[in-house]
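S.K.: sequence unknown, structure follows:
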């Protein structure tokens, strides 16, 4: 979960793609200034794509009031201000494939530099009516992609350019929409996203209960071999409390030796990642608990794959 910086929104998960419908420049300042301040405070790489009449310099001036060292952040590349023509139409036209790849490249570069993820906002006032449908199709595609990555994206739409059909497109393509009524910001949720969220919550709860109920010790790690999941059977078997086990390199917490020779067995994690398939150790394996107790075990490890088939852990 990431703090959005926006009081009415609060925390949102990575992958959230939402929007604001604004009436004037002050509306943009009200939402975008705390949004980007929160991103800078949370070690996120930020991109603010602007359009007239609220151009990059005006955006910098507005944010500088809340972030005194803003220009240090700009110099270090923690935040970048771009005109829409430098991002969306820089080659003379709107190419959704190029733009989507651009977001992916930006995210990868940010992560290599040690940022937690990417926080972006883009003003869409530059879109002309003939290009609207193409942009909405792009928004649909980007919504699917953002949902799988550590990205927060806030699109801003001018109320003056939004008719009834445009509003339907906008609300339908975002998790939720911020609108101002009677001087107060309100959240309009996408009903499809709401239903999907409830279904996802039920599914996660079912998986949590199932994992907790399994009698075998189950540990899952990320690609770096750090523990991200450990069920109660695993904490009981290893002697490591869950709060100390999570985030720890699995090899530093769970040790296996051969009961006949006393020698440490081969690194099962490295073997799984190398071979990309399930590996089972032989029947002479002993687990050494945190207290030094030796327990004969059967042990197997399998790769965790993402939707694209890439190994994401074990």
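M.R.: Thanks, I have it. All values reported here derive from a predicted model rather than from experimental measurement.
S.K.: just checking, what packs against whichever strand or helix holds residue 180?
M.R.: Under the criterion of DSSP states H and E, residue 180 resides in strand 176-181. For strand 176-181, the contact count by 3 or more Cβ pairs under 8 Å, 6 or more residues apart in numbering; DSSP states H and E identifies strand 17-22, strand 184-189 as packing neighbours. (Each C-beta comes from the backbone N, C-alpha and C, glycine too.)
S.K.: Burial-wise, tell me which of these comes out on top.
M.R.: Stretch with highest mean neighbour count among the helices and strands packed on strand 176-181: strand 17-22 (a mean of 24; mean count of other Cβ atoms under 10 Å).
S.K.: For this protein, which residues score under the pLDDT cut-off?
M.R.: 190-202, 204 (pLDDT under 70).
S.K.: now the helices for it?
M.R.: Shown for the chain, the helices assigned by DSSP state H span residues 25-41, 56-64, 70-76, 84-87, 96-112, 132-146, 164-172, 191-213, 232-238, 242-245, 250-253, 268-275.
S.K.: Mind putting the ones you listed into a markdown table with mean neighbour count and distance to residue 219?
M.R.: Formatted as a markdown table, the helices of the chain follow (neighbours: other Cβ atoms under 10 Å; distance: least, Cβ to Cβ, whole Å):
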| stretch | mean neighbour count | distance to residue 219 |
| --- | --- | --- |
| helix 25-41 | 19 | 33 |
| helix 56-64 | 17 | 43 |
| helix 70-76 | 13 | 38 |
| helix 84-87 | 16 | 43 |
| helix 96-112 | 14 | 25 |
| helix 132-146 | 16 | 30 |
| helix 164-172 | 15 | 41 |
| helix 191-213 | 11 | 11 |
| helix 232-238 | 18 | 5 |
| helix 242-245 | 14 | 8 |
| helix 250-253 | 18 | 6 |
| helix 268-275 | 16 | 10 |
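S.K.: sorry, back to before: which one of the helices and strands packed on strand 176-181 lies closest to residue 51?
M.R.: Using Cβ to Cβ as the measure, strand 17-22 is the one of the helices and strands packed on strand 176-181 that comes nearest residue 51, at 11.8 Å.
S.K.: helices or strands up against that closest one?
M.R.: Counting contacts by 3+ Cβ pairs under 8 Å, 6+ apart, strand 17-22 packs against helix 25-41, helix 132-146, strand 151-158, helix 164-172, strand 176-181.
S.K.: Need the ones you listed in CSV (columns: distance to residue 106).
M.R.: Output for the helices and strands packed on strand 17-22, formatted as CSV (distance: least, Cβ to Cβ, whole Å):
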stretch, distance to residue 106
helix 25-41, 14
helix 132-146, 12
strand 151-158, 9
helix 164-172, 24
strand 176-181, 24
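S.K.: hang on, the earlier thing: show me what the strand holding residue 180 is in contact with.
M.R.: Residues from elsewhere that reach strand 176-181 (Cβ atoms under 8 Å, 6 or more residues apart in numbering): 6, 8-9, 18-23, 27, 31, 170-171, 185-190, 193.
S.K.: Any buried residues in that strand, and which?
M.R.: Going by neighbour count (16 or more other Cβ atoms under 10 Å), the buried part of strand 176-181 is 176-180.
S.K.: ok, of the residues you listed, which one's closest to residue 278?
M.R.: For the buried residues of strand 176-181, the nearest to residue 278 is residue 176 (40.8 Å; Cβ to Cβ).
S.K.: and the gap between that closest one and residue 49?
M.R.: Between residue 176 and residue 49 the computed distance is 20 Å (Cβ to Cβ, to the nearest Å).
S.K.: How about residue 206?
M.R.: In terms of Cβ to Cβ, residue 206 sits 40 Å off from residue 49.
S.K.: do the same with residue 278
M.R.: Residue 278 is 45 Å from residue 49, where distance means Cβ to Cβ.
S.K.: More neighbours: which of the two?
M.R.: Between residue 278 and residue 49, counting by other Cβ atoms under 10 Å, residue 49 is the more crowded of the two (23 against 11).
S.K.: show me the contacts for the more buried one.
M.R.: Counted by Cβ under 8 Å, 6+ apart, residue 49 has contacts 82-84, 87-88, 120-123.
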